[in-house]
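Peer 1: show me how the following folds:
(2 chains)
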Amino acid sequence: MTNEANLQGTVSAPKAKKRKVASLDRKKARAGWVFVLPFVIGFAFVYLPIIWNSIWMSFHELKIITGGGYELIWCGFDNYKWALTEDPSFVQTLITGLGELLFDIPAILIFSLFMAILLNQKMAGRAAFRAIFFIPVILSTGIMESIEGQNILGTMMESGINDGSGGSASTEIVSAMDIGRLFSSMKIGTDLVEYVVDMINNIYGIVNRSGVQMLIFLAGLQSISPAIYEACRIDGATSWETFWKITFPMISPMILVNGVYTIIDSFTTDANTVMTYISTVYRSTDGQVRSSAMAWMYFLIVVLIILVVVGIFSAFVFYQKRDA
Amino acid sequence: MDVNMQQPKIKKESKNKIKVEFERTPLKERLKAKFLNLYFFQQVGWYIFRLVLLIGISYVVLYPFFTKIAGSFMSPEDFVDVTVRLIPKNFTLDTYKAVLTELDYFQAFRNTFIISLICGILQTFVCCVIAYGLAKFRFRGNKLIMALVILTMIVPHQTLQLSMFMGFRYFDIWGILSLLSGGASIDIEGFEAINEVLAGIKILNLEDHALGLTNTYAPLIILSATGLAFKNGLYIFMLRQFFNGVPDALEESAYIDGSGVFRTFITIILPLSIPMMVTVFLFAFCWQWMDDFYTNLFFTTNKIVLMPDIVEIPSSLKMDYAGQNLYYAAIRNTCGICIILPLVVLYCFCQNFLVQGIERSGLTAE
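Peer 2: So this is what the prediction gives:
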């Protein structure tokens, strides 16, 4: 940049003309605005009114006039108060929902990082495995998700003859008993045992939701220079040490990005408990405005969580110095 | 080299060939040294562990599809037969026939294809443009716009359900359209004169003083063209990281050669980013194809048949019997298979790009 500015200074025309010629920086800034223009226009003219309307609605009472049309009556924070104090299960759902979030995010992050590392190694059939692992990203969204939600086919196929004793892929892979016994002999707290068992039983959900994260991690792993690994090997580091001293710090910015993405993703899916609850409220009588009040509260909480997570994570994130 | 090393023993010598024998460790010893050590066992163990794990998880991923495919070939009797599990006893294609012929499948296919293609291409291009602007130009407000992009990603679209529907049902840009069609009014007493004047302006003649855009493709196209559609924040973010990794020198040399900013973008940057664009297009196309939130929101009548509309039970297959629930679930899953089949074909062609596009991108999180 400074170079260009200097260049501009030496080349620029005599003083009389100087005012008409915009500096290169200014020109580039203008071009930048042109590039982001579609988004700015869309945000200002489509998105902002929608958001504004939604917030505006949440402070109103919606009255449907018989004979068509509706009327909005200002009622301040009543909808919010109603959601927090009078609604029987909103607070409850919120707490369980956030609990699930706290459970899911580490599971998804660990799993996707692990899988990305596996899929990054050279081996036979790597392309095929990768293709299989990314299927859910493409195919298990939207319609399929809603079909899957009320699907009893999988359980039937499994329990048809075996009476469930064989276990089933979609419901329970391991029985909690077995793992529990294994862990209790290792003298580990029951919370951890439950966590691991839940994680394994939930594996389908986790695999389904960690596709994009896997892609991002893979990209991150690819960008680590092989020279560093080579140097490590020559110095006699084991692969365990290499992971913690090289891979982990180098990938830590990706962990931050993926953490934020996972939070956003898992709290905006339809499968999320709070989201489901909000949409049931939306469909109930005079629930439209109440549901938007709930949704905004939920949104604020999640933004707070994201800020906290970013704050904590960024203290540990290691940025490799690149020569620009 | 050892000075005392033994000379190789000459076994056979001819005019232009010589066969010698070195003193070397016997084969058994060599194999022992190679295979009977900890390193080798570790490698083999790791290899097996990895293979088992990968195959296991692949199974978990593919299992639901197996059950769907198996269920789609089963006849009604199979669902009450306890001995039938994954392999149907009475193989039948009736379910497919009914789904394909009775449910307007091809109409839905055509409509969904058109809208997914339009949205996919628009989103890919628009996100590229926006991301390029955010990545390569330092202007005031750059960071703010990036924050807004992330904001659009964070606000769940379900939150905006009602407002979004209203916004497109009565489409109006900050009241301009209603002003032009004479629907504007001011709620202050004593200003009736102004209201009359406002009502007199009738440049546009619109019902409801606004455009009703629901039940058309317009809402989705507007959202795509402005980078606000489903997950566009993610695409913009990915592309921005990609463009950050493209060296500035490339563009500078183009500028020096006299190319403008836009020409540089189209002739140099876009061809460079084709793998990444294919990735984004694949996401955009498939997610639009599978989408049921927006389509249910914006298409309230059945005039335009889209994919979510065909997930139902064909009338010729409706019947009352013990295995009814299972049978209906299987039919619904068959509909699902019919919906994703085109995507599977697309995925087979594009999956290389999916990984390579991101791999070669030098995507970093800064």
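Peer 1: low pLDDT regions in the stretch 101-250 of chain B?
Peer 2: For the stretch 101-250 of chain B, residues meeting the criterion pLDDT under 70 lie at B:172-211.
Peer 1: can you give me the helices for the stretch 101-250 of chain B?
Peer 2: Counting by DSSP state H, counting those that start in this stretch, the segments of the stretch 101-250 of chain B that form helices are B:105-136, B:142-154, B:161-169, B:176-180, B:192-200, B:218-225, B:232-245, B:248-256.
Peer 1: what residues sit buried inside the first one?
Peer 2: The one in question is helix B:105-136. By neighbour count with 16 or more other C-beta atoms under 10 Å in any protein chain shown, helix B:105-136 contains the buried residues B:105, B:108-109, B:111-112, B:115-116, B:118-120, B:122-136. Every C-beta, even on glycine, is put in place using the N, C-alpha and C of the backbone.
Peer 1: so for chain A, which of the helices of the stretch 101-250 of chain B sits nearest?
Peer 2: For the helices of the stretch 101-250 of chain B, proximity to chain A was assessed by C-beta to the nearest C-beta; helix B:105-136 is nearest, at 2.6 Å.
Peer 1: tell me which other helices or strands the closest one touches.
Peer 2: In this structure, helix B:105-136 packs against helix A:24-42, helix B:142-154, helix B:218-225, helix B:232-245, helix B:274-290, helix B:324-359, with contacts taken as 3 or more C-beta pairs under 8 Å, 6 or more residues apart in numbering or on different chains; DSSP states H and E.
Peer 1: the last one to helix B:274-290, inter-axis angle?
Peer 2: Compare the direction of helix B:324-359 with that of helix B:274-290 by axes from the mean of the first three to the mean of the last three C-alpha atoms, to 10 degrees and you get 160 degrees.
Peer 1: helix B:324-359 vs chain A: in contact?
Peer 2: Yes - residues of helix B:324-359 are located near chain A by C-beta under 8 Å from any C-beta of the partner chain, namely B:325-326, B:329-330, B:332-333, B:335-336, B:339-340, B:343-344, B:347, B:351-352, B:354-355, B:358-359.
Peer 1: give me the buried entries from these.
Peer 2: Buried among the residues of helix B:324-359 next to chain A by 16+ other C-beta under 10 Å: B:326, B:329-330, B:332-333, B:335-336, B:339-340, B:343, B:347, B:351, B:354-355, B:358-359.
Peer 1: between the helices of the stretch 101-250 of chain B, which gets nearest to A:E61?
Peer 2: Nearest to A:E61 among those is helix B:161-169 (13.8 Å), distances taken as C-beta to C-beta.
Peer 1: what sits up against that closest one?
Peer 2: Outside of helix B:161-169, the residues within contact range by C-beta atoms under 8 Å, 6 or more residues apart in numbering or on different chains are A:46, A:49-51, A:53-54, A:57, A:279, A:282, A:288-289, A:291-292, B:157, B:212-214, B:218-219, B:222, B:297-298.
Peer 1: middle-most residue in chain A, spatially?
Peer 2: A:T262 (2.2 Å; C-alpha atoms, centre = their mean).
Peer 1: what sits against the closest residue to B:M307 other than its chain neighbours?
Peer 2: On the basis of C-beta to C-beta, 6 or more residues apart in numbering or on different chains, the spatially nearest residue to B:M307 that is not a chain neighbour turns out to be B:T112, at 4.7 Å. In this structure, B:T112 makes contact with B:289, B:306-307, judged by C-beta under 8 Å, 6+ apart.
Peer 1: could you report the pLDDT at A:G149?
Peer 2: The per-residue pLDDT reported for A:G149 equals 63.
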